[in-house]
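# dropping a prediction and its sequence here:
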Amino acid sequence: KTERMSTKRVMFISLSALIDRDSWKTVPQDILDDSIFFLGCKRAWLWPSSEEDIEDRDAQPTNYASTPPDLLTIILEKEKKGLLYFLKPEDFLKVSDWLTTINDKEGKKFKPLILDDNWWKDCYDSIMGLTGVSPSFIIKNYKQGGHDYSPIRELLYQSNPSTLFPVLQWSKSTLIEMSRY
């Protein structure tokens, strides 16, 4: 099992990247089963209940209507287990609260997100970070409710560096990258 190779839980942060070239099918099953989904979209874009939902979904750059049924089933399973968060509407305090309800691989709850501007300005070292993104970009992203990938990955990683590994999509090098951080 590949999941034993790391003490970190994988968090997928992009449905677009998972859909792209069916990359979700390349994720080892044990990693996929244990993973967390934090998606920058609305639930209604996957399961629209009105014409307005359909129009909103179809106005997005990602073709959410083409999400494979097998992936939709996985997303529903994640939702039932509390391992899924849709960032629309944008509220990082709620994201932080949600994250603290989930156990890491050792059975301990994840720590809340670091939403303290001073921590990012004074303590964060972008050179040693996961993505190297600037503190001001991270702060701007969480204050505006953005889902820009690099600041999201850095925010999630810095908040739980030894237990959580946020990724866009799986690749052969992901386990190697996880072991370096």
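That came through fine. Numbers count the residues shown, from 1 in each chain.

# got the contact list for Asp117?
Ile139 (C-beta atoms under 8 Å, 6 or more residues apart in numbering). Bear in mind the C-beta positions are built from the backbone N, C-alpha and C, glycine included.

# hmm, try it at 10 Å
When contacts are counted by C-beta atoms under 10 Å, 6 or more residues apart in numbering, Asp117 touches 135-136, 138-139, 142-143.

# just the buried residues of these.
Using 16 or more other C-beta atoms under 10 Å as the burial test, those include 135, 138-139, 142 as buried.

# out of those residues, which is nearest to Ser96?
Distances from Ser96 to these, taken as C-beta to C-beta, are shortest for Tyr142 (9.4 Å).

# can you name the farthest residue from the center of the chain?
Largest separation from the mean C-alpha position in the chain: Glu51, at 28.0 Å (C-alpha atoms, centre = their mean).

# pLDDT at that residue, what is it?
pLDDT for Glu51: 98.

# how about the strands of the chain, start to end?
Along the chain, counting by DSSP state E, strands occupy 9-12, 36-39, 84-86, 164-167.

# low pLDDT regions in the chain?
The chain contains residues with pLDDT under 70 at 1-5.

# hmm, try it at 80
The model of the chain has pLDDT under 80 over residues 1-6, 89, 175-176, 179, 181.

# so where do the helices sit in it?
Here the chain has its helices, by DSSP state H, at 15-19, 29-34, 51-58, 69-80, 92-99, 117-122, 135-144, 149-159, 174-180.

# what's around Asn103, how many residues?
By the criterion of other C-beta atoms under 10 Å, Asn103 has 11 neighbours.

# residues contacting it?
9, 109-110, 163.

# what is the nearest of these to Asp22?
Arg9 (22.5 Å).

# that closest one contacts Phe110, doesn't it?
Yes. Using C-beta atoms under 10 Å, Arg9 is in contact with Phe110, at 8.4 Å.

# list residues touching both of those two?
Listed as contacting both Arg9 and Phe110 by C-beta under 10 Å, 6+ apart are 36, 102-104, 160, 163-164.

# distance of Leu71 from Pro61?
Distance check for Leu71 against Pro61: by C-beta to C-beta, to the nearest Å, it reads 18 Å.
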